[in-house]
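A.B. asks: Following is a predicted model, sequence given first.
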Amino acid sequence: MAYFRKDIGYGIVFPLMDEGTFTQSFTLKDKVKTNILNVLLTEKGERLYMPNFGCGLKNLLFDNDIDVQQLKEIIIEQLARHVPEVSVQEVLTEQIEHTLRVTLTYIVPREGIDALEININAANPEGGLNLSDAVTIA
């Protein structure tokens with residue numbers, strides 16, 4: 001059983017830089033949220049020596065017809081493999097004009113239920129995600 005001390009950072013959280021410094025995660029809930037975001041936002045082949053890591057959500061943004069069921073299966077499979085400490089309860093996907101929205105509800109052991117909503121917008125100047133859109137909703 002993992003024991004988390006509240007005075008020791010266990011990783012970094014998104015956004016990666018805050019006024020020139022990294023923000024540390026001090027809770028299991030923050031660590032899991034960061035790990036989930038990492039899996040969802042990483043494109044397949046982007047991570048060295050792990051060519052099948054990631055969901056590739058940004059690549060799906062410009063697809064005219066997203067197979068919602070296949071996307072849900074990819075998300076569930078990737079999270080089961082790379083973030084096994086969570087139990088995915090629900091995955092909702094929606095494409096509205098130039099925005100792909102993914103809402104994920106999951107359970108973190110000893111922390112309870114949590115949810116995350118990610119909006120990837122093609123109108124963003126960088127052509128992708130504005131990390132301020134990745135918010136916890138529960």
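C.D. replies: Thanks, I have it. Numbering: from 1, shown residues only.

A.B. asks: For Gly9, see how far away Gln24 is.
C.D. replies: Applying C-beta to C-beta, to the nearest Å, the value for Gln24 to Gly9 is 3 Å. Heads up, the C-betas are built off the backbone N, CA and C, glycines and all.

A.B. asks: Over to Pro51?
C.D. replies: For Pro51, the distance to Gly9 equals 30 Å [C-beta to C-beta].

A.B. asks: Looking at the two, which is more packed in?
C.D. replies: Gly9 (14 against 10; other C-beta atoms under 10 Å).

A.B. asks: my hunch is that that one is in a helix, does that hold up?
C.D. replies: No: Gly9 is assigned coil when assessed by DSSP: H, G, I helix; E, B strand; the rest coil, not a helix.

A.B. asks: Just the element for the most centrally placed residue in the chain, please.
C.D. replies: Most central in the chain under C-alpha atoms, centre = their mean is Leu37, positioned 2.2 Å from the mean C-alpha point. Taking DSSP states H and E as the definition, one finds Leu37 inside helix 28-41.

A.B. asks: what comes up buried for the next helix or strand after that helix?
C.D. replies: Downstream of helix 28-41, the first helix or strand assigned by DSSP H and E is helix 57-60. Buried residues in helix 57-60, defined by neighbour count with 16 or more other C-beta atoms under 10 Å: Leu57, Lys58, Leu60.

A.B. asks: taking the mean pLDDT, what do you get for helix 57-60?
C.D. replies: Mean pLDDT, computed over helix 57-60, is 78.

A.B. asks: neighbouring contacts of that helix?
C.D. replies: The set of residues external to helix 57-60 that reach it, using C-beta atoms under 8 Å, 6 or more residues apart in numbering, is Leu40, Leu41, Glu43, Ile66, Leu71, Leu100, Val102, Ile118, Ile120, Gly128, Leu129.

A.B. asks: Please compute how far that helix lies from its chain's middle.
C.D. replies: In terms of C-alpha atoms, centre = their mean, to the nearest Å, the centre of helix 57-60 is set 13 Å apart from its chain centre.
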